[in-house]
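J.: Here is a sequence with its predicted model. Questions after.
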Amino acid sequence: MVLFQSPWRYKYLTGAVLGEAMSKQKTLINPLSGFFKQSINSFLQIFLLLIPCGLKVQAAENNEMNYELRAHQGHLQWLEPTDILLAVDTDLKNLQIRDEGSHGKEELVSVTADTSLPYDSFNKETDWVDQIWGRPSRDHLYLGMWTFHLEGGDDQESNNKLIAFSYKGYYGATLINTHCDRVWSGGVQRTLYQQKYGAFDIEAGYRAGIVYGYKEYLSRVFPLVQAVLDIDYKGFGVELSYAAVVFSAGFYYRF
């Protein structure tokens, strides 16, 4: 009976056999492929979990580094990780500028002379120009001056009615000269030697400037170089000076 079945029946049986074989083949492959699929999925899940953690750790390290940079500069600010390199460059430049600024201030302080301290330019300074230049004279207010001329004359006025001041190494003055003319003078006033003896202060130096206003014997404008010696007691003192053929003495208050 079986040998004489119709062709369609043979085809049906053949298809069933092939289907059963393929089903068995599928049962053999599916468990293996499912294992790989599950492994890959697990690996991907772990990898995707590690990426945010790594990013968070990197961001925390970057923020900590940026915090330290800002804390060093006195600015407690947080920056995004993308701004780290720019922040580093900017802070380094600021550090250099501040360092240069601090060096500039130190040089300025070292150059500015403390006029209250004893001073001797010939021992303090090494260069002969600096020895002659000295340091700025202390601040004074001068009232009154009397002169004595080595060369006598009939029209000489000894009371010069001086009003003058010195400030930060410069001076300005107006007085009545020996010919009764109102004259004006201005220039620099420097100290070469200064010492304190108990309550007394002694300061020696010079003035260098110009004088304007003479009408007789001299031109209206001429240079002036005058040696000065100040002796004071607690700020009040007497100044002795010499220029050309004239000795002078006057009073001052040092402030």
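T.: Yes, it's here.
J.: Helix, strand, or coil at residue 178?
T.: Following DSSP: H, G, I helix; E, B strand; the rest coil, the label given to residue 178 is coil.
J.: ok, and the closest non-adjacent residue to it?
T.: For residue 178, ignoring the flanking residues on the chain, the nearest one in space by CB to CB, 6 or more residues apart in numbering is residue 156 at 4.3 Å. (Glycine included, C-beta is placed from N, CA and C.)
J.: so residue 252 touches residue 230, yeah?
T.: Yes. The pair residue 252 and residue 230 passes the contact test of CB atoms under 8 Å, sitting 7.1 Å apart.
J.: any idea how far residue 242 is from residue 131?
T.: Using CB to CB, to the nearest Å, residue 242 is found at 20 Å from residue 131.
J.: Residue 160 and residue 181: what is the separation?
T.: On the measure of CB to CB, residue 160 and residue 181 end up 11 Å apart.
J.: Show me which of these two is the more surrounded one.
T.: residue 160 (20 against 15; other CB atoms under 10 Å).
J.: pLDDT weak spots in this structure?
T.: 1-113, 152-155, 217-218 (pLDDT under 70).
J.: Which residues are in contact with residue 184?
T.: 172, 173, 174, 211, 212, 213 (CB atoms under 8 Å, 6 or more residues apart in numbering).
J.: With secondary structure added, can I get the residues you listed in JSON lines?
T.: Output for those, formatted as JSON lines (three-state DSSP):
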{"residue": "172", "secondary structure": "strand"}
{"residue": "173", "secondary structure": "strand"}
{"residue": "174", "secondary structure": "strand"}
{"residue": "211", "secondary structure": "strand"}
{"residue": "212", "secondary structure": "strand"}
{"residue": "213", "secondary structure": "coil"}
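J.: Going through those residues, which ones are buried?
T.: 173, 174, 211, 213 (16 or more other CB atoms under 10 Å).
J.: Throw these into a markdown table and include distance to residue 236, thanks.
T.: A markdown table is the format used below for these (distance: CB to CB, whole Å):
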| residue | distance to residue 236 |
| --- | --- |
| 173 | 19 |
| 174 | 22 |
| 211 | 27 |
| 213 | 29 |
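J.: so which of the contacts of residue 184 would you say is closest to residue 195?
T.: residue 173 (25.5 Å; CB to CB).
J.: Tell me how many other residues crowd the residue lying closest to that closest one once chain neighbours are set aside.
T.: Spatial nearest neighbour of residue 173, chain neighbours left out: residue 164 (3.3 Å); criterion: CB to CB, 6+ apart. Under the neighbour criterion other CB under 10 Å, residue 164 is assigned a count of 22.
J.: can you pull the contacts of residue 164?
T.: For residue 164, the contact set (CB under 8 Å, 6+ apart) comprises 140, 141, 142, 171, 172, 173, 174, 175, 185.
J.: switch the cut-off to 7 Å
T.: 142, 171, 172, 173 (CB atoms under 7 Å, 6 or more residues apart in numbering).
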